[in-house]
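Engineer: next comes the sequence, and after it the predicted model I'd like to discuss.
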Amino acid sequence: DQQVKQNSPSLSVQEGRISILNCDYTNSMFDYFLWYKKYPAEGPTFLISISSIKDKNEDGRFTVFLNKSAKHLSLHIVPSQPGDSAVYFCAARNTGNQFYFGTGTSLTVIP
Amino acid sequence: KAGVTQTPRYLIKTRGQQVTLSCSPISGHRSVSWYQQTPGQGLQFLFEYFSETQRNKGNFPGRFSGRQFSNSRSEMNVSTLELGDSALYLCASSFQGRSEKLFFGSGTQLSVL
């Protein structure tokens, strides 16, 4: 039962362009959403988050958008840099403090 | 401040054996969660401990168990290992009872032969 889905396993983007990573969820009771970045042989590191009462949160080059009616979350990276190449996981928290993660999208930024 | 520490980093076992993985959370963090990562499956939630009590549990068989000690350190045990248990096991800690961010360790890569 995959409650958080990332339907694109991989994405390639030219350096300097925008990267858009997408995430869909099924549970309308999720109240907090996060994006994590993961390099090989390392644990995921927190990138950015958004509460369900907001529709946008920005932190430098990273912006997360939340569309509650569509149950859709997206991460925008502008401009993309080669160091952004990693696997990105979206995650959602339910009211019971349990986090659900997507299957990840592997982003490659081409110099 | 030291991050989340998981030991060992790598482990090779054979089918039928059991294994214990260890996780030391960030100092002051009282919540510890365990996740299994396999290719194509993302991070699957195993269980969460808060103040030595299991607070949440994922959909894994009873062969997977855990515990948390009074110093918040946690262990995860898998008994009667199967080939499908080969995965990266990640531990995450957080400070509050209602977590807004999880801090992950580097994981233990378990290979079952």
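Structural biologist: Great, that's in hand.
Engineer: can you say which helix or strand has the spatially most central residue of chain B in it?
Structural biologist: For chain B, residue B:34 is the residue whose C-alpha lies nearest the centre (C-alpha atoms, centre = their mean; 3.2 Å). If you go by DSSP states H and E, residue B:34 is part of strand B:31-38.
Engineer: that strand vs chain A: in contact?
Structural biologist: Yes. Using C-beta under 8 Å from any C-beta of the partner chain, strand B:31-38 reaches chain A at B:31, B:33, B:35. C-beta: built from backbone N, CA, C; applies to glycine.
Engineer: wait, residue A:75 sits on residue A:20?
Structural biologist: Yes. With contact defined as C-beta atoms under 8 Å, residue A:75 reaches residue A:20; the gap is 7.3 Å.
Engineer: ok, these two, which is more surrounded?
Structural biologist: The neighbour comparison of residue A:75 against residue A:20 (other C-beta atoms under 10 Å in any protein chain shown) goes to residue A:75, with 23 against 16.
Engineer: can you pull the contacts of that one?
Structural biologist: A:19, A:20, A:21, A:23, A:35, A:47, A:48, A:62, A:63, A:64, A:88, A:90 (C-beta atoms under 8 Å, 6 or more residues apart in numbering or on different chains).
Engineer: between these, which sits nearest residue A:54?
Structural biologist: residue A:64 (9.1 Å; C-beta to C-beta).
Engineer: so who does the closest one touch?
Structural biologist: Applying C-beta under 8 Å, 6+ apart, the residues contacting residue A:64 are A:33, A:35, A:48, A:49, A:50, A:56, A:57, A:58, A:73, A:74, A:75, A:76.
Engineer: residue A:92 now?
Structural biologist: A:3, A:4, A:25, A:27, A:30, A:32, A:33, A:34, A:73, A:99, A:100.
Engineer: and residue B:15, how far from chain A?
Structural biologist: As judged by C-beta to the nearest C-beta, to the nearest Å, residue B:15 and chain A stand 25 Å apart.
Engineer: Three-state assignment for that residue, please.
Structural biologist: coil (DSSP: H, G, I helix; E, B strand; the rest coil).
Engineer: in this structure it contacts residue B:84, no?
Structural biologist: No. Between residue B:15 and residue B:84 there is no contact under C-beta under 8 Å: 10.1 Å.
Engineer: now do the shared contacts for these two.
Structural biologist: Contacts common to residue B:15 and residue B:84, judged by C-beta under 8 Å, 6+ apart, are residue B:112.
Engineer: neighbour count: the two, which is higher?
Structural biologist: Shown here are residue B:15 and residue B:84; by other C-beta under 10 Å, residue B:15 has more neighbours (11 against 8).
Engineer: and the more buried one, how far from residue B:113?
Structural biologist: 7 Å (C-beta to C-beta, to the nearest Å).
Engineer: common neighbours of these two, please.
Structural biologist: residue B:83.
Engineer: what's the burial count for the residue lying closest to residue A:62 once chain neighbours are set aside?
Structural biologist: Spatially, and ignoring its direct neighbours in sequence, residue A:62 is nearest to residue A:48 (4.9 Å; C-beta to C-beta, 6 or more residues apart in numbering or on different chains). Other residues near residue A:48 come to 18 when the count uses other C-beta under 10 Å.
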